[in-house]
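J.: One predicted model, sequence on top.
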There are 2 protein chains.
Amino acid sequence: MTTTQTFGELDHPSRLLMGPGPINVHPRVLRAMSVQLLGQFDPEFTGYMNETMALYRQVFQTQNRWTFLIDGTSRAAIEAALVSVLAPGDDVVVVNAGRFGLLLSEIAQRCDAKVTTVEGEWGKVVDPQAVEDAVKRVRPRLVACVHGDTSTTMAQPIAAIGEICQRYDALLYVDATATIGGMSTPVDAWRADIVTGGLQKCLGGPSGSGPITISDRAAEHINGRKHVEAGIATAGSVAGNGRRIASNYFDLAMIMDYWSDKRLNHHTEAASMLYAARECARVVLEEGLQARFARHAQAGAAVVAGVEAMGLSVYGDKAHKMTNVTAVVIPPGVDGDRVRARMRTDFEIEIGTAFGPLAGKVWRIGAMGVNARKHAVLTTLAALEAVLRGEGYGFTAGAGVDAALGVFS
Amino acid sequence: MTTTQTFGELDHPSRLLMGPGPINVHPRVLRAMSVQLLGQFDPEFTGYMNETMALYRQVFQTQNRWTFLIDGTSRAAIEAALVSVLAPGDDVVVVNAGRFGLLLSEIAQRCDAKVTTVEGEWGKVVDPQAVEDAVKRVRPRLVACVHGDTSTTMAQPIAAIGEICQRYDALLYVDATATIGGMSTPVDAWRADIVTGGLQKCLGGPSGSGPITISDRAAEHINGRKHVEAGIATAGSVAGNGRRIASNYFDLAMIMDYWSDKRLNHHTEAASMLYAARECARVVLEEGLQARFARHAQAGAAVVAGVEAMGLSVYGDKAHKMTNVTAVVIPPGVDGDRVRARMRTDFEIEIGTAFGPLAGKVWRIGAMGVNARKHAVLTTLAALEAVLRGEGYGFTAGAGVDAALGVFS
């Protein structure tokens, strides 16, 4: 038989998470997850589902009826969007200038869609004209784009792409995982059809629930592919004529039925994560979207001012930089991983590493959710100063913290 | 703009959940979810991941190296298993005698597999000889089977099917969502290749994390289909020759890389749900598997004794009934939905309704996890007695509770 192994209670240091996410969860959200369950069809629980829909309409700045949660991480919500829209052979144009643009291509390829990418340089945003050229040539079913790609820290302007999609009658999908709740993601003003998020960045929750919003025209397309599963089909079940969606778990047509008054059983809703998502939205809306975006912008500006005052450079096109995460170029002669390790072991602060072409070249410092605040930014900069001094990197002691303080005052 | 709508804190009655799941979460698991996060590659966090693997090996009674969590509900884990094994055109034999057997067929069809079903009558288990006949004829890549199907309350004996799969060199997948942690699910003794579960039944947690275990031979097959995504591929990435897995999120080859020492980034682990899953397993193993199975068996026997003493009949083949859930035939002249509503509104107790051919015909009463205990069973029976009296159903008052008490003493 198996060896008996026992482990103790969760018991780890309190760590300040200043990477690109996950970040520290708001204490109210932690408490919401410790609330006891209800049955999934209890009127109180379906009431919470409806409230969650109403809350996320406000977070997404949309009137979309179909605004709810996917039970999985932000990546699950992305896949639900793409697999529910794209049938094999459908054309999709993917705007790609970072790791998460690559992810959209990768998922679309697995849908057996015909993928055309509009490639941008890492550290810059993509010219809408290049997107229009591709859309005009391909006339795709869908254009897919990342709003804020944390791999490069660039925030792609979406409205211009939304306008192109309207003009060429393409659906627009936007991955707003890394910006929702921290930068404005005005779904209706963008004219985006499907937008997805995640809790673990600016919304200040844990990974594991993916908010999604779907326009009526996208819902109509998706419902045209509906095939109700045999276990719950009844004489009254309505099926579409389109090709069946390749995933059961991510079949948005069935998931919409579950979140509608029909309450047609699909999965068993992940109740504790719904409690978390609901509380994240309540915290965000009580603060107010504009105040929250301003707070993230200020904290991001303070990080930039601080690292620049230390003689470090910020990576990428600053005109289009995400407010909530900053990529800092690792100076010559400094071991980036050793700095991160000392930040963690000496100060219990996490800053992020990087992927692909930027691996070993930049640190990524996030200031998101509950950590997009003065004390978190100042403490992080003070720690970074001390560690860099220890590594022999020369700069004026105190300059980083003072510059950041200046932004806050 | 959107209308402003605000909602208050989570504030609902404390309800005893005695349906087929979800059930009340163990208080220790609720507390674990309120613990603050760590970064996903923090050594403490990857340590928790490794501990969770070791804990679930013991829960699954297996030596399988590849034992971890899928970030989604139990249905997500089922889909991950099927889509990672089955390429389009692969033959699969599905053992089907309930709603969740139908679900396996449904998901396998969406994988474009060739599905052969061995159909059993609802309320009975399937004869292994029928499975062998189908396997001999079809020579499938995979046999897929539900262990405990809550729609019928039947527990299919798995060992005989495991032996058939060995003999005909087929992989065996078992859905143990409704039994894991409550009835024995001896993965290695069954000779099952992939087994999945969920937290929300006998493990006493919330829905939203799906434990999975994978044999070496199944892992070898799945890794033969590996295609590392472009965003994280390096010169050293190893890709297989098989047809790429149709899902990115459910690509077990990539998820195994994430849970291995390589820590190749896939999703951002749903940390709070991992905390929950880890604590569920700790609670289960501290009690001891055999003691826990016995406790569920006793509680189930008490439910049966109680309802029978009230003159009600238990649905299905009692020789193969799951211990943790009991389907009770709704007597003539009694409105099943009204009884459930009164149980809820007068006693704050939830019992379950039924699906498909059993809709309106049976109630399903679960006694699982923290609720597989004397007080929960007795309280439920006392409430059911009172409600049935109110509905004019005739029986000896007190008979149900007394019979159940007899089982516990």
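T.: Done, it's in.

J.: Got phi/psi on whichever residue of the stretch 301-409 of chain A sits closest to chain B?
T.: Going by Cβ to the nearest Cβ, chain B is nearest to A:E350 of the stretch 301-409 of chain A, at 4.5 Å. Glycine gets a C-beta too; all of them are placed from N, C-alpha and C. Summarising the backbone geometry of A:E350 under the convention degrees, to the nearest 10, its torsions are phi -100, psi 130.

J.: Could you give the number of residues near the residue nearest to it when sequence neighbours are not counted?
T.: Sequence neighbours aside, B:G39 is the residue nearest to A:E350 in space, at 4.5 Å (criterion: Cβ to Cβ, 6 or more residues apart in numbering or on different chains). Each residue near B:G39 was counted by other Cβ atoms under 10 Å in any protein chain shown, and the total is 23.

J.: wait, doesn't B:G39 sit right on A:G19?
T.: Yes - judged on Cβ atoms under 8 Å, B:G39 makes contact with A:G19 at a distance of 5.9 Å.

J.: Show me whatever sits in contact with both of these two.
T.: Common contacts of B:G39 and A:G19 (Cβ atoms under 8 Å, 6 or more residues apart in numbering or on different chains): A:E350.

J.: Could you find the closest non-adjacent residue to A:E308?
T.: A:V314 (6.6 Å).

J.: Next up, the contacts around the one you found.
T.: If a contact means Cβ under 8 Å, 6+ apart, then A:V314 has A:V304, A:V307, A:E308, A:K321, A:T326, A:A327, A:V328, A:V329 as its contacts.

J.: Highest neighbour count among those residues?
T.: Neighbours were tallied for each of the contacts of A:V314 (criterion: other Cβ under 10 Å), and the maximum of 29 neighbours falls on A:T326.

J.: Assess the claim that that one and A:V307 are in contact.
T.: Yes - between A:T326 and A:V307 there is a contact at 7.0 Å, judged by Cβ under 8 Å.

J.: Could you name every residue contacting both of those two?
T.: Once Cβ under 8 Å, 6+ apart is applied, the residues that A:T326 and A:V307 both contact turn out to be A:V314, A:I365.

J.: Could you check how far the residue of the stretch 301-409 of chain A closest to chain B is from B:W66?
T.: Distance of A:E350 to B:W66, given as Cβ to Cβ, to the nearest Å: 28 Å.

J.: who's more crowded, those two?
T.: Neighbour comparison, A:E350 and B:W66: the larger count goes to A:E350, with 25 against 22 (by other Cβ under 10 Å).

J.: tell me which residues form a beta bridge with the more buried one?
T.: The bridge-partner assignment for A:E350, based on DSSP bridges, gives A:L17.

J.: my read: it touches A:R344, true?
T.: Yes - counting by Cβ under 8 Å, A:E350 touches A:R344, with 5.8 Å between them.

J.: coming back round to it: bridging across strands, which residues link to the residue nearest to A:E308?
T.: Those that pair with A:V314 in a beta bridge, by DSSP bridges, are A:V328.

J.: Assign the residue most central in space within chain A to helix, strand or coil.
T.: The central residue of chain A, meaning the one whose C-alpha is nearest the mean C-alpha position (Cα atoms, centre = their mean), is A:T177 at 1.0 Å. A:T177 falls in the coil class when you classify it by DSSP: H, G, I helix; E, B strand; the rest coil.

J.: can you pull the pLDDT of it?
T.: Residue-level confidence at A:T177 comes out at 98, pLDDT.

J.: burial of A:T213, as a residue count?
T.: By other Cβ under 10 Å, the residues close to A:T213 number 30.

J.: likewise A:D216?
T.: Residues lying near A:D216 (other Cβ under 10 Å) number 12.

J.: my read: it touches A:N64, true?
T.: Yes - between A:D216 and A:N64 there is a contact at 7.4 Å, judged by Cβ under 8 Å.

J.: Point me to the residue of the stretch 251-400 of chain A nearest chain B.
T.: A:A270 (3.0 Å).

J.: Now do the same contact list for A:N248.
T.: By Cβ under 8 Å, 6+ apart, the contact list for A:N248 reads A:E229, A:M254, B:R75, B:E79, B:L103, B:E106, B:I107, B:R110.

J.: what's the closest non-adjacent residue to A:M254?
T.: A:H266 (5.0 Å).

J.: does the one you found count as helix, strand or coil?
T.: Of the three states, A:H266 takes coil under three-state DSSP.

J.: can you check A:R364 too?
T.: Remark: A:R364 carries the secondary structure label strand [criterion: three-state DSSP].

J.: what's across from it in the sheet?
T.: Once the bridges are assigned, which here means DSSP bridges, A:R364 pairs with A:A327, A:G352.

J.: pLDDT value on it, please?
T.: As summarised for this prediction, A:R364 has a pLDDT of 98.

J.: A:L289 now?
T.: Per-residue confidence (pLDDT) for A:L289: 98.

J.: Surely it is in contact with A:M183?
T.: No - contact between A:L289 and A:M183 fails when scored by Cβ under 8 Å: they sit 10.1 Å apart.

J.: quick one: contacts for the residue nearest to A:M254?
T.: Counted by Cβ under 8 Å, 6+ apart, A:H266 has contacts A:D251, A:M254, A:I255, A:D257, A:Y258, B:R75.

J.: at 10 Å instead, please
T.: By Cβ atoms under 10 Å, 6 or more residues apart in numbering or on different chains, the residues touching A:H266 are A:71, A:228-229, A:232, A:248-249, A:251, A:253-259, B:73, B:75.
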